[in-house]
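> Provide a 3D model corresponding to the input given below.
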Amino acid sequence: MKLIQQYILWELARVFAMLLAGLTVMLVFVGLLREGTERDLAPQFLLQIVPFVVPGLLPFTIPATVLLAVTVVYGRIAGDLEVTAVKAAGVHPIRLLTPAYLLGGVLTVASFALTDRAIPWAVMNIESVVTQAAEDIFLNVLKTQHHFSSPADGYSILVDDVEGKTLITPSFTYRNSHHQQITVKAERAEVQFDVKDRKAKLHLRNVVASVPGRDIDSRLDEFDLEFDLKEELGGKKPRHLTIQDIQQQLVTLAEAESNSRLQHDQEVAMLLMTGDFEQLATDQTKQFDLDQRNAVTNSNRMTTEIHTRYAMAGSCLFFTLLGAPFAVLQARRQFITSFIMCFLPILLVYYPITFLMVNLCKTGTVGAWWSMWVPNAIIGIASIFLVRHVIRH
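Below you'll find the predicted structure:
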């Protein structure tokens, strides 16, 4: 690279790093407050998730930060008449803008990698911390109160004592799949929380199980119980998955939808052959229609998430396409004024259109593969006019 381009690139990288560090530190406290409020975490667990909150914030802070960095650097060099001097020496203005475009391209790749890889990794680690917190709370309650119950999930636990992760003389009461109240007593039980499957697993030894209304008790040397933790940990959203995982879920969803439709068509054909027309309007048919709509909605949401990641990562490049020539044209203004003048239309136009397109894509009204790029296309068209004005004047 030429000396002037190296100089501009270094200034951009330095200012961007400083701004990103300051903005991220401020937003980390917001992220910690949100996680602590949503998950009811103790301070010691909040400190453990600090390294995992940062990757989740960066994809949202990088575009605005690079826009601010570009307006600061190009506004200053244009205000110092460096752009005028370089143009007078016969250097094309595009060469001065190339470092900004290079930085925007690199940040686009980095932002996409963060969204697709770092955020799912961070969410998994946050869930591990939350699981550890839930496990500690669960064991502490049993150790102090010797009783733990979850009416919503339909189970309760009584213990004599707790040694580490081992329950001494536990008694479990829960409902099985037939809605029968089962009572299980054991000599010991080992507790294990599984983050991936989102379950609390209990391995019981010397077990006696009984069902109310029956005189016969079942005696087993070992017995395993599982309790669902989805309510405590929260279900995984598409933004918490990698694109590869989303695509696998789309394939699974399509296969399940195809099998369900084939089974439904066979049932309908059988009812038509037997003349059982009343059965066609039963709740089972209505449930099938509801399941089909839910499957389409889930498919649209996952497809939208994939294309949203590409488009939002690409915003880093498009923001530099807009911000660099705009800062040059606003050379005599303060950089914060240039940033506000550039960012305000983005805030009022770019993001509302993005949210609108996301909602339309999730409902299947428009195709996600092109509609999610509409906001970037608007920014690109505006940047073309600005670059032409910089070249001419």
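> other SSEs contacting the helix or strand harbouring residue 47?
Assessed by DSSP states H and E, residue 47 sits inside helix 43-48. Packing contacts for helix 43-48, counted by 3 or more C-beta pairs under 8 Å, 6 or more residues apart in numbering; DSSP states H and E, involve helix 3-39, helix 119-145. (C-beta placed from N, C-alpha, C; glycine too.)
> quick check: what element follows that helix along the chain?
Past helix 43-48, the next helix or strand by DSSP H and E is helix 50-79.
> could you list the buried residues of that following helix?
Buried positions in helix 50-79, judged by neighbour count with 16 or more other C-beta atoms under 10 Å: 52-59, 61-75, 77-79.
> stretch 71-91: how far from the chain's middle?
41 Å (C-alpha atoms, centre = their mean, to the nearest Å).
> what ranges do the helices span in the stretch 101-250 of the chain?
119-145, 230-233, 243-274 (DSSP state H, counting those that start in this stretch).
> adding distance to residue 344, write the ones you listed out as TSV.
Shown next, in TSV, are these (distance: least, C-beta to C-beta, whole Å):
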stretch	distance to residue 344
helix 119-145	28
helix 230-233	39
helix 243-274	32
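> which of the ones you listed sits most buried?
helix 119-145 (a mean of 17; mean count of other C-beta atoms under 10 Å).
> comparing the helices of the stretch 101-250 of the chain by mean pLDDT, which bottoms out?
Ranked by mean pLDDT, the helices of the stretch 101-250 of the chain bottom out at helix 230-233, with a mean of 46.
> can you count the residues close to the residue lying closest to residue 222 once chain neighbours are set aside?
In space, and not counting its chain neighbours, residue 222 is closest to residue 205: 5.8 Å by C-beta to C-beta, 6 or more residues apart in numbering. By other C-beta atoms under 10 Å, 14 other residues sit near residue 205.
> residue 205: what's it in contact with?
186-189, 221-222 (C-beta atoms under 8 Å, 6 or more residues apart in numbering).
> quick one: it from residue 165, how far?
The gap separating residue 205 from residue 165 is 14 Å, by C-beta to C-beta, to the nearest Å.
> repeat for residue 321
56 Å.
> what of residue 159?
For residue 159, the distance to residue 165 - C-beta to C-beta - is 12 Å.
> ok, the two, which is more surrounded?
Using other C-beta under 10 Å as the criterion, residue 159 and residue 165 rank with residue 159 on top: 21 against 13.
> that one reaches residue 142, doesn't it?
Yes - the criterion here is C-beta atoms under 8 Å, and residue 159 meets it with residue 142 at 5.2 Å.
> and residue 148, what does it touch?
Residue 148 touches 138, 141-142, 156-157, counting by C-beta under 8 Å, 6+ apart.
> I meant residue 357, not that one.
366, 371-372, 374-375.
> okay if I get the residues you listed as CSV plus pLDDT and secondary structure?
Listed next are the contacts of residue 357 as CSV, based on pLDDT from 0 to 100; DSSP: H, G, I helix; E, B strand; the rest coil:
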residue, pLDDT, secondary structure
366, 92, coil
371, 93, helix
372, 93, coil
374, 95, helix
375, 94, helix
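> pull the most distant pair out of these.
366 and 375 (13.1 Å; C-beta to C-beta).
> quick one: which of these two has more around it?
residue 375 (24 against 16).
> quick one: contacts for the more buried one?
311, 315, 349-351, 353-354, 357.
> rerun that using 6 Å as the cut-off
350, 353-354 (C-beta atoms under 6 Å, 6 or more residues apart in numbering).
> any of these buried? List them.
Using 16+ other C-beta under 10 Å, the buried members of those are 350, 354.
> restricted to strands, list the contacts of residue 375.
When DSSP state E defines the strands, the subset of the contacts of residue 375 inside them is empty.
> which among the contacts of residue 375 gets closest to residue 274?
Relative to residue 274, the closest of the contacts of residue 375 is residue 354; by C-beta to C-beta it sits at 52.6 Å.
> tell me how far that closest one lies from residue 372.
Distance from residue 354 to residue 372, by C-beta to C-beta: 8 Å.
> same thing with residue 247?
In terms of C-beta to C-beta, residue 247 sits 17 Å off from residue 372.
> surely residue 61 touches residue 21?
No - here residue 61 does not reach residue 21: they are 10.2 Å apart, not a contact under C-beta atoms under 6 Å.
> just read off the phi/psi values of the closest residue to residue 367 other than its chain neighbours.
Nearest residue to residue 367, sequence neighbours excluded (C-beta to C-beta, 6+ apart): residue 361, at 7.4 Å. Here is the backbone geometry of residue 361 (degrees, to the nearest 10): phi -70, psi -40.
> tell me the pLDDT at residue 361?
92.
> contacting residues for it?
304, 368, 371.
> which strand is the longest one in the protein?
strand 181-194.
> which strands or helices does that strand pack on?
Strand 181-194 makes packing contacts with strand 166-168, strand 171-175, strand 199-210 when contacts are defined by 3 or more C-beta pairs under 6 Å, 6 or more residues apart in numbering; DSSP states H and E.
> flag every buried residue along the first one.
This points to strand 166-168. 166-167.
> that one pairs with which strands?
strand 161-163 (antiparallel), strand 181-194 (antiparallel) (DSSP bridges).
> and that strand, how far out from the chain's middle?
37 Å.
> then the longest one?
Its chain's C-alpha centre lies 35 Å from the corresponding centre of strand 199-210 when counted by C-alpha atoms, centre = their mean.
> swap in stretch 59-66?
For stretch 59-66, the distance to the chain centre is 17 Å (C-alpha atoms, centre = their mean).
> before we move on, what about stretch 53-64?
With C-alpha atoms, centre = their mean as the basis, the mean position of stretch 53-64 lies at 12 Å from the chain mean.
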